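Asker: sequence first, predicted model second:
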Amino acid sequence: MRSFFAIFSLLFLCFSIHLSLHGQTISKEELIFLTSEWKGERFADGRPKISDDLLERAKHIMIDDAWTVLKNEGYLNQYEGGWKMVNNQTMSGRAVTAMYLPSRPDVEKNIKERGAKQGRKGNTNAWPIDVLNKGDLYVADAFGKIGGGPIMGATLANSIFSKSGNGVVFDGACRDLQEITNLKGFNAFVRDFHPSFTEQMVLMGLNSPIRIGNAIVLPGDLVIATIEGVLFVPAHLAEQVVSTSEFVIRKDQFGFEMVRTNKYSTGEIDSEWTDVIKTEFLKWLEKHPELGKMTRAELDKVMSKRTW
């Protein structure tokens, strides 16, 4: 009987620790369930781990092309526009998500007390920074609050950049624009800038599904943020979206040159390619190594399922 209670106590302790450690997050099992189409590597918390190489390639594609691939795959709620930015720098990264809600005294008290037991310090808007890795991009639903809504100033911006080497996308506000402008390599996509501090807001979700305007975002999504807008690409479609968008850039440049030299007409370039045009394209691509390589099999595959 004594051993039974010992085992029971141990199991209860482990369960309590599990709940405590997860705090505002969803469980690893739930995150894997929600992103079950992803078959690649994952972080310890279950987030899909898109490769660094793919993150870099994503910075050089056109967001219109990427959006079209997603649309044709049936993903219609992945884009949001209408941002203010620190600069015109394009960002790409793996989403670390946070959801804020208007504060309620009893709820905020409970959350902060639990956070203190977990070793968390400061206001809840600093907690998401602790889970950032290199290549992550902090995405927050701050319910569009401007006055009393900045969830980041210059100090947190520096902390975010040192942890992730990346910037942020906030459906809300930030402050200290003049100082943040001096942080080279950092960018922030926000609804507006405001001199106030975080007031009457509390972190209610960390690495959970969130809404950014008209878009749904899951932890681990590929985030592509450009001067045009922000696209949230489900992790399992990231390679397809990037590689197809890269092909469209190559195809367009090839097409422009062929039309200018009167080798092919616009109709021929914009229609299904003949074997002759495909061969011509691959020869042309060999002369432009800066655009990358492509085999005939890869060309046939991308053209057989036209999602661009």
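Answerer: Yep, that arrived. Residues are numbered from 1 along each chain as shown.
Asker: so where's the longest strand in this structure?
Answerer: Secondary structure of the chain read by DSSP state E shows that its longest strand is strand 91-102.
Asker: next helix or strand past it?
Answerer: Following strand 91-102 in sequence order, the next helix or strand is helix 105-117 (DSSP states H and E).
Asker: just how off-centre is the helix or strand following that following helix within its chain?
Answerer: Downstream of helix 105-117, the first helix or strand assigned by DSSP H and E is strand 136-141. Chain-centre distance of strand 136-141: 7 Å, with C-alpha atoms, centre = their mean, to the nearest Å.
Asker: same question, stretch 145-155
Answerer: Worked out by C-alpha atoms, centre = their mean, stretch 145-155 lies 21 Å from the chain centre.
Asker: was I right to think R211 contacts D141?
Answerer: Yes: counting by C-beta atoms under 8 Å, R211 does reach D141; the two are 5.7 Å apart. Every residue, glycine included, has its C-beta placed from N, CA and C.
Asker: ok, those two, which is more surrounded?
Answerer: A count of neighbours by other C-beta atoms under 10 Å puts D141 above the other of R211 and D141, at 23 against 14.
Asker: for that one, what are its contacts?
Answerer: T97, A98, M99, Y100, D171, G172, I210, R211, I212 (C-beta atoms under 8 Å, 6 or more residues apart in numbering).
Asker: what about the residue lying closest to it once chain neighbours are set aside, how many residues nearby?
Answerer: Counting by C-beta to C-beta, 6 or more residues apart in numbering, D141 lies nearest to I210, which is 4.3 Å off, once chain neighbours are set aside. Using other C-beta under 10 Å, I210 is surrounded by 23 other residues.
Asker: what residues does stretch 238-252 touch?
Answerer: By C-beta under 8 Å, 6+ apart, the surrounding residues in contact with stretch 238-252 are 50, 54, 57-58, 60-62, 65-66, 69-70, 73, 222, 233, 269, 281, 285, 288, 291-292, 294, 299, 302, 307-308.
Asker: cool, stretch 55-67 as well?
Answerer: Residues outside stretch 55-67 that contact it (C-beta under 8 Å, 6+ apart) are 78-79, 90-94, 135, 222, 224, 226, 228-229, 231, 233, 238, 241-242, 244-246, 248-249, 308.
Asker: hmm, back to that, which residues do R211 and D141 both contact?
Answerer: Going by C-beta under 8 Å, 6+ apart, residues that sit against R211 and also against D141 are D171.
Asker: export whichever helix in the chain runs longest as CSV, just CAs?
Answerer: Longest helix of the chain, by residue count under DSSP state H: helix 238-260. Extracted in CSV, the C-alpha atoms of helix 238-260 (Å, rounded to 0.1, in the frame of the first residue of the first chain):
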residue,chain,number,x,y,z
ALA,A,238,6.5,26.0,-47.2
GLU,A,239,8.8,24.1,-49.5
GLN,A,240,6.2,23.9,-52.3
VAL,A,241,5.3,27.6,-51.9
VAL,A,242,8.9,28.7,-52.0
SER,A,243,10.1,26.4,-54.8
THR,A,244,7.1,27.2,-57.0
SER,A,245,7.5,31.0,-56.4
GLU,A,246,11.2,30.7,-57.3
PHE,A,247,10.2,29.0,-60.5
VAL,A,248,7.8,31.8,-61.3
ILE,A,249,10.6,34.4,-60.9
ARG,A,250,12.8,32.3,-63.3
LYS,A,251,9.9,31.8,-65.7
ASP,A,252,9.1,35.5,-65.8
GLN,A,253,12.6,36.6,-66.5
PHE,A,254,13.0,33.9,-69.2
GLY,A,255,9.6,35.0,-70.7
PHE,A,256,10.6,38.7,-70.7
GLU,A,257,13.8,38.0,-72.6
MET,A,258,12.1,35.6,-75.1
VAL,A,259,9.3,38.2,-75.8
ARG,A,260,11.8,41.1,-76.1
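Asker: now it: mean pLDDT?
Answerer: The pLDDT scores in helix 238-260 average 95.
Asker: next: stretch 208-217.
Answerer: 98.
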